[in-house]
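>>> have a look; sequence and predicted model below, questions after that.
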Amino acid sequence: MDGNGRWAAARGLPRLEGHRRGAERLFEIIDACVDLGIGTLTVFAFSAENWKRPPAEVSGLFKLGEWLLRAHLARLDKRNVRLKVIGDVTSLPDFARTPLEEAIAASKDNTTLDLVVALNYGARQEAVEAARRIARDVASGALQTEQIDWRAFESRLDTAGLPDPDLIIRTSGEFRLSNFLLLQSAYAEIHIAPEYWPDFGKEQLEAALSDYRRRERRFGLTGAQVQGAPPSP
């Protein structure tokens, strides 16, 4: 959800106002995903690298997130949305972590949409932690080195039990993944949207989905194999 700060700067507004407008846009996109039958939506809310931003902006982001969560929890529950989090939330301030944990517990039985929020998340950090978990399991005898394969590694990632992303949407015209779901996105389709996140609405989401439907997902096969045609001699 990129471009909140630049959206605000282009309008002579404080960066936090851009983040506020971006957060409001998120709830519109959640509603659109429910209406479109999408089962999982993962959003990058705060990266492990975002701690490098000015302290006032970081504090403001967490205060904004806490307020929005309390204000919109009933809305999420009404849409039958289950909240999940990936990343290290132990480092979050208590005023932000507590309502987050309460919302996760309150929504655990909802089934229409899994809203996965990446908070204090980084894909490289996630991979390192998964490697540590494997090392501990090998050291304890719970896992043999011969049993280490992708399934074993995947089960120790933050996203264990969640589907790999089919489509990654990057707003504001940026052409990079920025340490987001690097392992899980191995076969994801990528859509680059020129709009800053506060301007990304249902119309832009549907355009991204239309683009996705035109893609041929081969997963290492040939186009003929995917289409079910006989292989060439």
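It's in. Numbering: from 1, shown residues only.
>>> look at the nearest residue to L36 once chain neighbours are set aside and tell me its secondary structure.
Closest residue to L36 apart from its sequence neighbours, by C-beta to C-beta, 6 or more residues apart in numbering: L209 at 7.2 Å. Where C-beta positions appear, they are placed from N, C-alpha and C, glycine not excepted. At L209, secondary structure determined by DSSP: H, G, I helix; E, B strand; the rest coil is helix.
>>> packing partners of the strand or helix carrying A105?
Assigned by DSSP states H and E, A105 falls within helix 94-106. Packing partners of helix 94-106 (3 or more C-beta pairs under 8 Å, 6 or more residues apart in numbering; DSSP states H and E): helix 55-78, strand 81-86.
>>> my guess is the residue nearest to L36 contacts L167, does it?
Yes - counting by C-beta atoms under 8 Å, L167 is a contact partner of L209 at 7.4 Å.
>>> mind listing the strands in this structure by residue range?
Assigned by DSSP state E, the chain shows strands spanning 40-47, 81-86, 113-121, 167-170, 189-192.
>>> quick one: closest of these to V226.
Closest to V226 of the strands of the chain, according to C-beta to C-beta: strand 189-192, at 13.8 Å.
>>> run through who's touching stretch 25-40.
For stretch 25-40, contacts defined as C-beta atoms under 8 Å, 6 or more residues apart in numbering pick out 1, 41, 43, 68, 72, 75-76, 79-81, 112-116, 162-163, 165, 197-198, 200-202, 205-206, 209.
>>> out of those, which end up buried?
The neighbour count (16 or more other C-beta atoms under 10 Å) marks 1, 41, 43, 68, 72, 76, 79, 81, 113-116, 162, 165, 197-198, 200, 205, 209 as buried among the contacts of stretch 25-40.
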